[in-house]
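Chemist: Structure for the following, please:
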Amino acid sequence: MTTADAAYRVLIVDDDAKMTEDLRGLLTEELADLGVIQFEVEQDFATAEERLNQEDFDLVILDVRDVTEGSPSADAEGRGRELYKKIASVRWVPVVFFTGVPQQVRGLEEPPLIRVVTKNALDDIAPAVREGLLSGVPALTRRISGLVERQVRDFMRDVVAPHWTEMAAADPNEIAPVIVNRLAAWLKENGLHELDRVVEGDLVATARRSEAARVYLMPPVTHHLTATDLLIDPQGGWWLVLTPACDLYEDRPESRVSKPRVAKVQYVHLAKADRVFTDEGNSSESPPIISWQSSAKSNRDKGLAQRAFRVDDNRYRALPRYLDVPDLVIDFENVSSVALDEARGWKRVATLDSPFSEAMLIAYSRSVGRIGTPDLSFDEVQMRLGLTKPKSGSFPEQLSSAPQNGAVISP
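Modeler: Prediction:
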């Protein structure tokens, strides 16, 4: 953890002692406005790996080439990349590769959390470190990890221990799903609120107040295409997968199942997801909204546009903007069938979370499965009951009443 007087804690891993000292001085001066930064140096990659597995840091500055005598890796050129993979699998923090062989790690770059800076470009190192520290990712990771650990501890103490007599006879492997499912349900319902209660402000509070955060799983959880995935086609169009999840389920290629399950379908049903606002911000892709924007904005056109945001409409369902997902209107009348192999190549942005996923599929099934009937009028019955008053121009009562004694009423 960072010391009481330090705003951030940074580990520099480099075998060049002169370089690390120069780097420490440069960053201390350039990043002084961020507060006290605790820079720690490790020249031995094995020791650095051990520390990163046991201690918390906000960012790591990592050399790729290790030329220290007796290095445990035969691949001295790729030692930093090897170390990054190890620490990323145990404790992930933002990394700035500061190296003379940038080609070794260029493919790993994901700004601003993973940056690559060459050692002859000292002007670039401070901005890269600044962006990584200001991301807030390490602190958020620690808070979430602590929250999960506390919840598992409390569940074992308050639920499992008092009911161990009933559980003792069960296979221990059967208890694990109970804990996982309970933890997932608790985090979904209370996680953001609990984080915001423990740590005031910042991005956690913003996420808690956003109802849209509950709608999406980003990125998608499954390794395969599944129901209510949001996809972007090669032309930039957005689509929602309507094919049931059971028809798309596939075991991982590396699974040890004797007969791996594969998708049952060759084609995927997709509903068009029209952007409410295009990139220009002054137009739309949704037909009812386009009609309203291009007309004199009459009440009729306004009513058609408002249909897109009703929760009981048979044609449209709206989805809220969140992160990379724009405001969308799903159009159940604009549905396409695309080859599964083709759809697999499209960009998966998110999957609708429960219960929004189920609600979307039910709305679609109701839209395509309903049996339409002509609108029936019960105005006359309501007038006879006194529920409504006769309207001007309505038929006289004797003409609409049933004829007496089988008499035929002449026109």
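
Chemist: just checking, residue 317 is part of a helix?
Modeler: No - per DSSP: H, G, I helix; E, B strand; the rest coil, residue 317 lies outside any helix segment and is strand.

Chemist: So what sits opposite it in the bridge?
Modeler: Residue 317 has these beta-bridge partners by DSSP bridges: residue 330.

Chemist: Now for it, how many residues are close by?
Modeler: Look at residue 317: counted by other CB atoms under 10 Å, it has 24 neighbours. Where C-beta positions appear, they are placed from N, C-alpha and C, glycine not excepted.

Chemist: wait, isn't it in contact with residue 357?
Modeler: No - in this structure, residue 317 is not within contact of residue 357 by CB atoms under 8 Å, at 11.7 Å.

Chemist: what residues are up against residue 239?
Modeler: 230, 231, 232, 233, 270, 271, 272, 273, 336, 346 (CB atoms under 8 Å, 6 or more residues apart in numbering).

Chemist: at 7 Å instead, please
Modeler: 231, 233, 270, 271, 272, 273 (CB atoms under 7 Å, 6 or more residues apart in numbering).

Chemist: Nearest residue to residue 349 in space, please, no chain neighbours.
Modeler: Nearest non-adjacent residue to residue 349, counting by CB to CB, 6 or more residues apart in numbering: residue 230, 4.8 Å away.

Chemist: Let's see the helix or strand that contains residue 364 as PDB, backbone CA atoms only.
Modeler: Per DSSP states H and E: residue 364 is located in helix 356-369. Extracted in PDB, the C-alpha atoms of helix 356-369 (Å, rounded to 0.1, in the frame of the first residue of the first chain):
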ATOM      1  CA  PHE A 356     -33.000  -6.700 -19.500                       C
ATOM      2  CA  SER A 357     -31.900  -9.600 -21.700                       C
ATOM      3  CA  GLU A 358     -34.900 -11.700 -21.000                       C
ATOM      4  CA  ALA A 359     -37.200  -8.700 -21.200                       C
ATOM      5  CA  MET A 360     -35.900  -7.900 -24.700                       C
ATOM      6  CA  LEU A 361     -36.300 -11.400 -26.000                       C
ATOM      7  CA  ILE A 362     -39.900 -11.600 -24.600                       C
ATOM      8  CA  ALA A 363     -40.700  -8.300 -26.200                       C
ATOM      9  CA  TYR A 364     -39.500  -9.600 -29.500                       C
ATOM     10  CA  SER A 365     -41.400 -12.900 -29.200                       C
ATOM     11  CA  ARG A 366     -44.600 -10.900 -28.300                       C
ATOM     12  CA  SER A 367     -44.100  -8.600 -31.300                       C
ATOM     13  CA  VAL A 368     -43.700 -11.400 -33.900                       C
ATOM     14  CA  GLY A 369     -46.100 -13.900 -32.100                       C
END
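
Chemist: any idea of the pLDDT on the residue lying closest to residue 244 once chain neighbours are set aside?
Modeler: Spatial nearest neighbour of residue 244, chain neighbours left out: residue 227 (5.7 Å); criterion: CB to CB, 6+ apart. For residue 227, the model assigns a pLDDT of 97.

Chemist: What is the burial count for residue 227?
Modeler: Residues near residue 227, counting by other CB under 10 Å, number 23.

Chemist: For it, give its distance to residue 373.
Modeler: Remark: distance between residue 227 and residue 373 (CB to CB, to the nearest Å) = 30 Å.

Chemist: I'd like the distance between residue 282 and residue 331.
Modeler: Noted for residue 282: a distance of 21 Å to residue 331, by CB to CB.

Chemist: out of the two, which sits in the more crowded spot?
Modeler: Taking other CB under 10 Å, residue 282 and residue 331 do not tie; residue 331 has more neighbours (20 against 7).

Chemist: Quick check: closest non-adjacent residue to residue 334.
Modeler: Once flanking residues are discounted, residue 334 sits nearest to residue 272: 3.9 Å by CB to CB, 6+ apart.

Chemist: Let me see the mean pLDDT of the helix or strand harbouring the one you found.
Modeler: Residue 272 belongs to strand 267-275 when assigned by DSSP H and E. Mean pLDDT, strand 267-275: 97.

Chemist: Show me which parts of stretch 309-324 are buried, residue by residue.
Modeler: 314, 315, 316, 317, 318, 319, 320, 322 (16 or more other CB atoms under 10 Å).

Chemist: what's residue 113 in contact with, if anything?
Modeler: So residue 113 contacts 94, 132, 135, 137 (CB under 7 Å, 6+ apart).

Chemist: Quick check: phi and psi on it?
Modeler: Per-residue torsions, residue 113: phi -90, psi -30 (degrees, to the nearest 10).

Chemist: Can you check the pLDDT for it?
Modeler: 89.

Chemist: What distance do you get for it to residue 99?
Modeler: When residue 113 is compared with residue 99 (using CB to CB), they lie 17 Å apart.

Chemist: What average pLDDT does the helix or strand harbouring residue 82 get?
Modeler: Here residue 82 is covered by helix 79-90, with elements defined by DSSP H and E. The average pLDDT within helix 79-90 is 73.

Chemist: which element follows it toward the C-terminus?
Modeler: Toward the C-terminal end, the helix or strand that comes next after helix 79-90 (DSSP H and E) is strand 95-99.
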